[in-house]
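> Got a sequence here, can you model it:
(chains A and B, ligands or ions: 2)
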Amino acid sequence: MVTPLPVTRTHSALQLLKHAIGGHRNWPQYWRSPEPKAAYDVVIIGGGGHGLATAYYLASKHGIRNVALLEKGWLGGGNTGRNTTIVRSNYFYPQSTDLYDHSLRLYEGLSHELNINLMLSQMGILTLANSRHDVEMLQRWSNAIQVQGIACEWLEPEQVQAEVPALDVFGMRYPVKGAFMQRRGGTARHDAVAWGYARGASQLGVDIIQNCEVTGFDISDNRVRAVHTSRGTIRTDKVGIAVAGHSTVLAEKAGFTLPLSSMTLQAYVSEPVKPALDRVINSPMVHAYISQSDRGEMVMGAGADAYYSYGQRGNLPTLEDGVRSILEMFPRFSRLKMMRQWGGVVDISPDTSPIIGKTPVTGMYLNCGWGTGGFKAIPAGGDLLAATIANDKPHPLAEPFCLDRFRTGRLVDEGAAAGVSH
Amino acid sequence: MLQIDCPWCGRRDEDEFNCGGQSHIQRPGLDCSDAEWGDYLFARINPKGVSLERWRHTHGCRQWFNLARDTVSHRILAVYGMTDPVPALPEARS
Ligand SMILES: Cc1cc2nc3c(=O)[nH]c(=O)nc-3n(C[C@H](O)[C@H](O)[C@H](O)COP(=O)(O)OP(=O)(O)OC[C@H]3O[C@@H](n4cnc5c(N)ncnc54)[C@H](O)[C@@H]3O)c2cc1C
Ligand SMILES: [Zn+2]
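Ligands and ions are numbered 1, 2, ... in the order given. Modelled structure (predicted):
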C-alpha cells in the first residue's frame, strides 16, 4: 500500500553529471518534512543516528511504515553530528563483540543499501601499549577478540613505526611497547549516516519531523498512549526513545529513573594539511586518540570532561590535557593551528555499555547509554531497537543490554576493558 | 574553567578538584530488595538544572564537601559541608 513519494531521489552517475552542470543548485530535498499527523503506529524520539536507523529498519525490515520521527532540533545536531566518527568492533566481552561487529558488518554494506557514500574508510585502528602492563592487558584483550572470531593483530614497536611513520614510537615519555590493530576499524562520514537513514526512512513512508520537542507523555494503566510535543499531541501506543544525553530527562517525564550520567565529551580539529596519518591511533594510557579526515584535518579527542553537564560545550583544562597527550605522541604536529573545538552531551552508563530494550512503561522502548562510543553502533542500535519494538521482545543481541541488568548485577563491564572508548 | 571556593583553602581552579557524583544518597538497610539495592548503586537523578554533588579538593587539602551547581550554565550556587542540609538556593538556570 506504499505509494512512492516524489521528493527524494537516489544518486546515480547521471544525476551527479546533471547537477554538476547545474552548479549543484537544484538538488531535491533529501526527505519529506510533513506536518505531524494526529496518530502513528510508532513514534521515535530523537533524530540522531540511532533514532533514524530505528525508523528506517522499522519500515524496511518490519514493514511498519506509519512511523513518526520527532527531533527537537535538526537531524544529526546531537552527538551524531559531533563525534569523531571512529568505527571498530574490538571490544572485550563476547556480548559486546557480537553487538559491535554486527554494526560494523552493517556499515560495510550500508553505502550500497542506502545509496549514499558514507565514506567508510577502513584504514585500521591501532590501540597503543605504553608500558609493560599495557602490553599484558592489550595482548589479553586482542587474544580475547580473536577467540571471538574478530581478526586483529599484535604489532611490535618496529611494526607500529612502519604502520605510523609520524608517531614518536621510541622518543615519547612512555615509549610504545606494542599495539594491537583491527584493520577493519576506521572512520565514516557522520552526516551522511544521518542523512542516508533519513532519506531511506522517508522514502518508505516515515514522517520525519524536525523542530519538534517531546515535552511529556500520556500514560495510563502503565501504558503509553500519546506523546506531547511542541507541535501538539500525537497519539501512539509505541514509543522508541533515542535521545542520548537527554534520556534521563525524558525518563523522568515517563516516571522512571535511569543509571545514566550526562557529561561533555569534546573533540577538536586542526587546520587541514596534506596526508600525514592514515591510521586511527588510540592510546588508553597517554589518553588521547587521533585520525586524519579526508579533508586533511587532524581530528582529536580524549576523555570526557570531569563533571556532569548538559551544556554541550567543553572546558579548557580537558582540552589542554587532550592536546598535550596528542603532542606527546606526535611532536611534529605542534605547529598545527587548531580550527574548531566543540562538545556533545554523552550518556554514560555505569558499565559504559548501552541500554537497549523495554522500559518499566508498556509500549515504551529505550536505546541509550552509548556514552562516548555509539557512532560505530548506529546500524546495530537501530536494527535491534526496531526489532525489539516490532516484536515487543528484546532482540537476542540486545538481551544482555537490558535495563534490568542494573538490578540483577549482570553488567557488561566494558568500562574496565575498553580504555578510551571511542 | 570553574573556580571553586574550597571551604578550607578558598578559591581555586577546577583542575585541583574531583567531582565525586550525586550527593545525599542514603544506603538502604541490608534487608532491602535487589531493586532497592540496584537503585542505590546505579540510579541517578542526573538533573538538567541544579545538581547537588560531592567534590574533593584532591590537589589541595583533600577534603570532601558539597556543591550545588547548575549543569547547564555550570554556575555554582552554593558550597556546603558534607553533613550539612541542602541550603536555600537562588533561582537556577540563568
Ligand atoms: C565529541 C564526541 C566524539 C565522539 N566520538 C565517537 C567516535 O569516534 N566513535 C563512536 O563510535 N562514537 C563517538 N561518540 C559517541 C557518539 O557520537 C554517540 O554515542 C552517538 O552519536 C549517539 O547517537 P544517538 O542517535 O543516540 O544520539 P544523538 O545523535 O545525540 O541524537 C539524539 C537526538 O535527540 C534529540 N532530542 C533530545 N531530547 C529530545 C526531545 N525531548 N524531543 C525530541 N528530540 C530530542 C537531540 O536533539 C538529538 O538530535 C562521540 C561523541 C562525542 C560527543
Ligand atoms: Zn581545600
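> Please list the residues of chain A that sit near chain B.
Residues of chain A lying near chain B by CB under 8 Å from any CB of the partner chain: A:246, A:248-249, A:257-262, A:306-311, A:315-317, A:350, A:406-409. For glycine as for every other residue, the C-beta is placed from the backbone atoms N, C-alpha and C.
> and those residues, which of them are in strands?
Among the residues of chain A next to chain B, the ones falling in strands (DSSP state E) are A:261-262.
> filter the residues of chain A next to chain B to the buried ones?
A:246, A:248-249, A:258-262, A:306-311, A:315, A:317, A:350, A:406-407 (16 or more other CB atoms under 10 Å in any protein chain shown).
> Touching, residue A:313 and residue A:344? I think so.
No. Using CB atoms under 8 Å, residue A:313 is not in contact with residue A:344, being 9.5 Å away.
> residues shared between the contacts of the two?
Counting by CB atoms under 8 Å, 6 or more residues apart in numbering or on different chains, the shared contacts of residue A:313 and residue A:344 are residue A:264.
> hmm, back to that, near ligand 1 too, which of the buried ones among the residues of chain A next to chain B?
With CB under 6 Å from any ligand atom as the criterion, these include residue A:246 near ligand 1.
> Just the C-alpha atoms of the helix or strand hosting residue A:136, please, in CSV.
Using DSSP states H and E, residue A:136 maps to helix A:132-147. The C-alpha trace of helix A:132-147 is given here as CSV (Å, rounded to 0.1, in the frame of the first residue of the first chain):
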residue,chain,number,x,y,z
ARG,A,132,54.8,-3.4,30.2
HIS,A,133,51.4,-3.6,32.0
ASP,A,134,49.6,-2.2,29.0
VAL,A,135,51.3,-4.9,26.9
GLU,A,136,49.8,-7.6,29.1
MET,A,137,46.4,-6.1,29.2
LEU,A,138,46.2,-5.4,25.5
GLN,A,139,47.5,-8.8,24.5
ARG,A,140,44.9,-10.3,26.7
TRP,A,141,42.3,-8.1,25.0
SER,A,142,43.4,-8.8,21.5
ASN,A,143,43.6,-12.5,22.2
ALA,A,144,40.0,-12.4,23.6
ILE,A,145,38.8,-10.7,20.4
GLN,A,146,40.5,-13.3,18.2
VAL,A,147,38.9,-16.1,20.1
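> Which other helices and strands does the helix or strand that that helix is followed by contact?
Downstream of helix A:132-147, the next assigned helix or strand under DSSP H and E is strand A:153-155. When contacts are defined as 3 or more CB pairs under 8 Å, 6 or more residues apart in numbering or on different chains; DSSP states H and E, strand A:153-155 sits against helix A:132-147, strand A:178-182.
> Contacts for the strand or helix carrying residue A:208, please.
Residue A:208 is part of strand A:207-209, with elements assigned from DSSP H and E. For strand A:207-209, contacts defined as CB under 8 Å, 6+ apart pick out A:31-37, A:40, A:47, A:52, A:55, A:67-71, A:75, A:198, A:201-202, A:231.
> mind listing which of these are in helices?
Secondary structure from DSSP state H places A:52, A:55, A:198, A:201-202 of these in helices.
> ok so, going back, go ahead and produce PDB holding the CA coordinates of the very next helix or strand once past the strand holding residue A:208.
Going down the chain from strand A:207-209, the next helix or strand is strand A:214-220, by DSSP H and E. The C-alpha trace of strand A:214-220 is given here as PDB (Å, rounded to 0.1, in the frame of the first residue of the first chain):
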ATOM      1  CA  VAL A 214       8.800  16.000  23.100                       C
ATOM      2  CA  THR A 215       7.700  17.600  26.300                       C
ATOM      3  CA  GLY A 216       5.800  14.700  28.000                       C
ATOM      4  CA  PHE A 217       3.700  11.600  27.700                       C
ATOM      5  CA  ASP A 218       0.200  10.400  28.300                       C
ATOM      6  CA  ILE A 219       0.500   7.200  30.300                       C
ATOM      7  CA  SER A 220      -2.500   5.300  31.800                       C
END
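> Pull out the buried residues from strand A:214-220.
Counting neighbours by 16+ other CB under 10 Å, strand A:214-220 gives A:214, A:217, A:219 as buried.
> residues contacting the one residue in the stretch 101-250 of chain A that gets nearest to ligand 2?
In the stretch 101-250 of chain A, the residue that lies nearest ligand 2 is residue A:173 (29.6 Å; CB to the ion). By CB under 8 Å, 6+ apart, the contact set of residue A:173 is residue A:328.
> is it true that it lies in a strand?
No. Going by DSSP: H, G, I helix; E, B strand; the rest coil, the assignment for residue A:173 is coil, not a strand.
> List the contacts of residue A:113.
By CB under 8 Å, 6+ apart, residue A:113 lies in contact with residue A:200.
> separation between it and residue A:361?
Noted for residue A:113: a distance of 33 Å to residue A:361, by CB to CB, to the nearest Å.
> can you pull the pLDDT of the spatially most central residue of chain B?
Nearest residue to the geometric centre of chain B (CA atoms, centre = their mean): residue B:53, 1.1 Å. Note on residue B:53: pLDDT of 97.
> Contacts (any at all) between chain A and the particular helix or strand that has it in it?
Residue B:53 is located in strand B:50-56, with elements delineated by DSSP H and E. Yes. Judged by CB under 8 Å from any CB, strand B:50-56 comes into contact with chain A through B:51, B:53.
> could you point out which element follows that strand?
Downstream of strand B:50-56, the first helix or strand assigned by DSSP H and E is strand B:64-70.
> Neighbouring strands of that following strand in the sheet, and parallel or not?
strand B:50-56 (antiparallel), strand B:76-80 (antiparallel) (DSSP bridges).
> List the residues that contact residue B:53.
Neighbour list for residue B:53: A:307-308, B:19-23, B:66-67, B:69 [criterion: CB under 8 Å, 6+ apart].
> And the residue of chain B found nearest ligand 1, how close does it get to residue A:348?
Per CB to the nearest ligand atom, residue B:48 is where chain B lies closest to ligand 1, at 10.0 Å. Separation of residue B:48 from residue A:348 (CB to CB): 15 Å.
> Same check on residue A:37?
For residue A:37, the distance to residue A:348 - CB to CB - is 36 Å.
> What about ligand 1: which of the buried residues of strand A:214-220 touch it?
With CB under 6 Å from any ligand atom as the criterion, the buried residues of strand A:214-220 include residue A:214 near ligand 1.
> Would you state the helices of the chain in chain order?
Just so you know, I chose chain A. A:13-21, A:49-62, A:94-114, A:132-147, A:157-163, A:190-203, A:247-254, A:316-329, A:378-391, A:405-408, A:414-417.
> my question was about chain B
Taking DSSP H, the helices of chain B run over residues B:34-42.
> Thanks again, I'm all set now.
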